[in-house]
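In: Task: produce atomic coordinates for the following.
(2 chains)
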Amino acid sequence: MIPFILKRIFISIPVIFVLATITFCIMRITPGGPFDKDKAIPPEIKANIEAKYHLDRPLWSQYFYYMKGLIQGDLGPSYKYLGRSVTDIIKDSLPVSVELGLYAAFLAFLLGIPLGIIAAYKHGTWLDSSSMFIAISGITLPSFLVAALLIYFFSFKMGWFPAGLWEGGWEYKILPVAALGLRPVAIIARLMRTSMLDVIKADYVRTARAKGLSEFPVILKHVLKNSLIPVITISGPLLAGIITGSFVIEHVFAIPGMAKHFILAVTNRDYPLIMGVTLIYAVLLILANILVDVLYAVIDPRIKVS
Amino acid sequence: MNTLWSDAFKTLSKNKPALLSLFFIIFIILVALFANLLAPYGYEIQNPSQRLMFPNRTFWMGTDILGRDLLSRVIYGSRMSISVGLIVAICSLIVGTLYGSLSGYVGGKIDNLLMRIVDILYTFPSLLLIILIRVIFGQGLFGIFLALTIVGWVDVSRIVRGQVLQLKEMAFIEAARAVGVKNRFIIFKHILPNILGPIIVTLTFEIPAAILSESFLSFIGLGLQPPFSSWGSLANDGFQAFKSFPHLIIFPGFSIFLTVLAFNLLGDGLRDALDPKLKNA
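Out: Next up, the predicted model:
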């Protein structure tokens, strides 16, 4: 297992460099520089600023300068947050985003799996249809509407939770995590239901029942473990979905995470910040996918890690 | 062929949620087409004396921060949201079908390489990718269509490839190849017509996905720019004042929700009707 994990991490390093190269090219091909909007500054000062950030050098030189920094863990200075490096900004905002995302992912598994199990087990009853109604709403409701409604009722009307920010207390986390988690909960519940309905029909489940096992061990040992496989398969794309969702949720709740910085960086054409955040997201996703592969091998012995 | 489609129609007409959704979708498309006739006021007419009004008899959905009638803006917004959904879904469908059928039909190393690219795009957060593409191609309408298509075709290509892989092992394809039918002809005349069902189902799911993505993009302020406005950008406008005036976000938000829900329910219904095998996919 450990050689497998190390191998996967080792393979990922060139992927990150290729990604860094692509992002670098994209950012520099794009028309419009970071200091175009500040029309008030005279050309000499603009030239000075550009020299400071090495924007006056040829492209290949800028590229090597950036890559040299990247190897040393330096993502360059931010163009808009004066005096702050991209590494600093990410150091501050990454834990916030990771925390928010992890809670949402936990919520998705903690709530989605039982919801799917109940729906499948009580197939065709009102429990099934109401769980699936919650699921389809969770998939189709725009997350900003969910977030706005949660804030309106639980924050303005009831006064139970703060309407935004991320100050550390648990009360700040409930609403954003609920708003971000609803969609993954719904996706997992639906998937879990279809997968369990498939497995329940399988021959080995009938055999288990035939040999006189009671209902609970059949579900727990034979059905549940096998129906979890598709849920693990979707974890990778699901995490990507949570990151997508965090763009909206961090915006609504004014949470100082990476998504918020990314949106601002795009508006400001803050190239190093755009690249830095993109690379960090890529690293996060690669790590998460390695984790998914490991989980896969643990739960399904048919899949060999080699 | 006729029996497949008439059977499908029979199954679909028994499915009440799907049928209801179909009528709702037709209604929304008519609203979008005749927005200029249906809207009680112009979508840009400002009324400073009637700012931020709650829904009432004159303004059924209330007015926004500039005194513009929200109902009219939602009606006009449907034009942008629906056309983004339709155009992006159709473009994704064309690109995804060509790519997926090529990959599945050719197979081997090329298939491996093409699908590796798809896998990378599939696990990348779509909104991040869309924003990066928007950065390159600017803030215009074209940038939105392009960005959403680059994200949207991936699902289509995966489904089409899977279908083609199954189909190309079948006897009639082998027979066609044996008598020397050209590959291009086999793909377009023999394979694609046979997977039309799954393609239509995919299209029905791509439209709401595109509508949702566009609304997210516009909501965080990186989507449509004025004078264009969609339900997403209306929700973004309303966001600033929704604490006291929640209707500003509720009406555009629920327009998105109901439309996306209708397309999803119709898609589920079409999937059951056109391809029972796909039901558990």
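
In: and residue B:46, helix, strand or coil?
Out: The local conformation at residue B:46, judged by DSSP: H, G, I helix; E, B strand; the rest coil, is coil.

In: now swap in residue B:223 and tell me
Out: On the basis of three-state DSSP, residue B:223 is classed as coil.

In: is it true that it touches residue B:231?
Out: No - taking CB atoms under 8 Å as the definition, residue B:223 is not a contact partner of residue B:231, at 10.7 Å. Every C-beta, even on glycine, is put in place using the N, C-alpha and C of the backbone.

In: Need the residues touching each of those two.
Out: Counting by CB atoms under 8 Å, 6 or more residues apart in numbering or on different chains, the contacts common to residue B:223 and residue B:231 are residue B:215.

In: Phi, psi for the closest residue to chain A within the stretch 151-281 of chain B please.
Out: At 3.3 Å from chain A, residue B:253 is the closest residue in the stretch 151-281 of chain B, using CB to the nearest CB. Main-chain torsions, residue B:253, degrees, to the nearest 10: phi -60, psi -50.

In: Residue B:236 is in contact with that one, correct?
Out: No - using CB under 8 Å, residue B:253 is not in contact with residue B:236; the gap is 10.8 Å.

In: anything in the helix or strand containing residue A:102 near chain B?
Out: Assigned by DSSP states H and E, residue A:102 belongs to helix A:86-121. No - Helix A:86-121 does not reach chain B (CB under 8 Å from any CB of the partner chain); its nearest approach is 10.6 Å.

In: Now do that helix: distance to the chain's middle.
Out: 8 Å (CA atoms, centre = their mean, to the nearest Å).

In: quick one, what contacts the residue lying closest to residue B:226 once chain neighbours are set aside?
Out: In this structure, residue B:226 finds its nearest non-sequential neighbour in residue B:233, 8.0 Å apart by CB to CB, 6 or more residues apart in numbering or on different chains. Applying CB under 8 Å, 6+ apart to residue B:233 gives the contacts B:77, B:218-219, B:223-224, B:226.

In: what does the stretch 51-200 of chain B put close to chain A?
Out: Checking the stretch 51-200 of chain B against chain A by CB under 8 Å from any CB, the hits are B:122-128, B:131-132, B:134-136, B:138.

In: Check pLDDT for those residues and point me to the minimum.
Out: Within the set of those, pLDDT is lowest for residue B:138 (70).

In: So for the helix holding residue A:102, what gets flagged as buried?
Out: Residues of helix A:86-121 classed as buried by neighbour count (16 or more other CB atoms under 10 Å in any protein chain shown): A:86-87, A:89-90, A:93-94, A:96-97, A:100-101, A:103-105, A:107-109, A:111-113, A:115-121.

In: where in the stretch 1-150 of chain B is pLDDT low?
Out: B:1-2 (pLDDT under 70).

In: how about the helices of it, start to end?
Out: Here the stretch 1-150 of chain B has its helices, by DSSP state H, counting those that start in this stretch, at B:2-14, B:16-33, B:35-38, B:70-106, B:108-122, B:126-137, B:141-167.

In: of those helices, which approaches residue A:213 most closely?
Out: For those, the distance to residue A:213 is smallest for helix B:141-167, at 35.7 Å, taking CB to CB.

In: After that closest one, which helix or strand is next?
Out: helix B:171-178.

In: circling back to that earlier point, counting contacts, what elements does the helix holding residue A:102 pack onto?
Out: Applying 3 or more CB pairs under 8 Å, 6 or more residues apart in numbering or on different chains; DSSP states H and E, one finds that helix A:86-121 contacts helix A:126-140, helix A:174-200, helix A:225-233, helix A:235-252, helix A:258-268, helix A:271-299.

In: Centre of the chain to stretch B:203-222, how far?
Out: 7 Å.

In: Any buried residues in it, and which?
Out: B:203-220, B:222.

In: Take the residues you listed and keep only those in helices.
Out: B:203-219 (DSSP state H).

In: Contacts only, for residue B:158.
Out: Residue B:158 neighbours (CB under 8 Å, 6+ apart): B:100, B:118, B:122.

In: Please list the residues of the stretch 201-306 of chain A that sit near chain B.
Out: Near chain B, when you scan the stretch 201-306 of chain A using CB under 8 Å from any CB, you find A:236-237, A:240-241, A:243-244, A:247-248, A:251-252, A:262-263, A:266-267, A:269, A:274, A:278, A:281-282, A:285, A:289.

In: Give the ChimeraX command for selecting the buried subset of these.
Out: In ChimeraX syntax, the buried subset of these is picked out as below (16+ other CB under 10 Å):
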select /A:236,237,240,241,243,244,247,248,251,252,262,263,266,269,274,278,281,282,285,289
